[in-house]
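S.K.: what shape does this take:
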Amino acid sequence: MLTINTFKRGLKKGIITAKDLSKVIIPVYIIVSLLKETVIIDTISNFLAPMMNLFGLPGSASIILVLGNLINTYGAIGAMASFDLTIKQITIIAVMISFSHSLIIESTIIKKIGVNPFKVAFMRILLSILAGISLNLLYING
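M.R.: So this is what the prediction gives:
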């Protein structure tokens, strides 16, 4: 049953969650936005553009994928917010990161349960790549 206490607890947990997420999203957004004003993002984007084209993504999306794969999905969201992307591109990035997010942290956990983290990371990255290529080929509205 919904009571005032239920509402208060939910509001409190929501505020705490928003605060925790903002600790990652806001700094990444600021850093990526500042880096866009330098030659760093352009250099990385131009170098990786041919590979990113397989996924229907601009070269700058490589920054988003690296952050999502190495840090977490919230880092990727912070970076994604600082780029002008189409719905198609956002969808492709989201699906790719859903397969291969937080590789460092999750590989450590996987190793502790006795599974080979390199095999799991390889499979996750491979699935991410295949999903990105497939979505690019199948997604009609860009």
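S.K.: do you have the strands of the chain handy? List them.
M.R.: In the chain, no strands are defined using DSSP state E.
S.K.: what is the longest helix along it packed up against?
M.R.: Using DSSP state H, we find that the single longest helix of the chain is helix 4-36. When contacts are defined as 3 or more C-beta pairs under 8 Å, 6 or more residues apart in numbering; DSSP states H and E, helix 4-36 sits against helix 73-80. C-beta: built from backbone N, CA, C; applies to glycine.
S.K.: so what touches the helix it packs on?
M.R.: 21, 24-29, 32, 63-65, 67-68, 90, 93, 97-98, 101-102 (C-beta atoms under 8 Å, 6 or more residues apart in numbering).
S.K.: ditto for stretch 85-100
M.R.: With contact meaning C-beta under 8 Å, 6+ apart, stretch 85-100 is reached by 55-58, 61, 64-65, 68-69, 73, 76, 80, 121, 124-125, 127-129, 131-132, 135-136, 139, 141-142.
S.K.: tell me the gap between it and the middle of its chain.
M.R.: A distance of 8 Å separates the C-alpha centroid of stretch 85-100 from that of its chain, computed with C-alpha atoms, centre = their mean, to the nearest Å.
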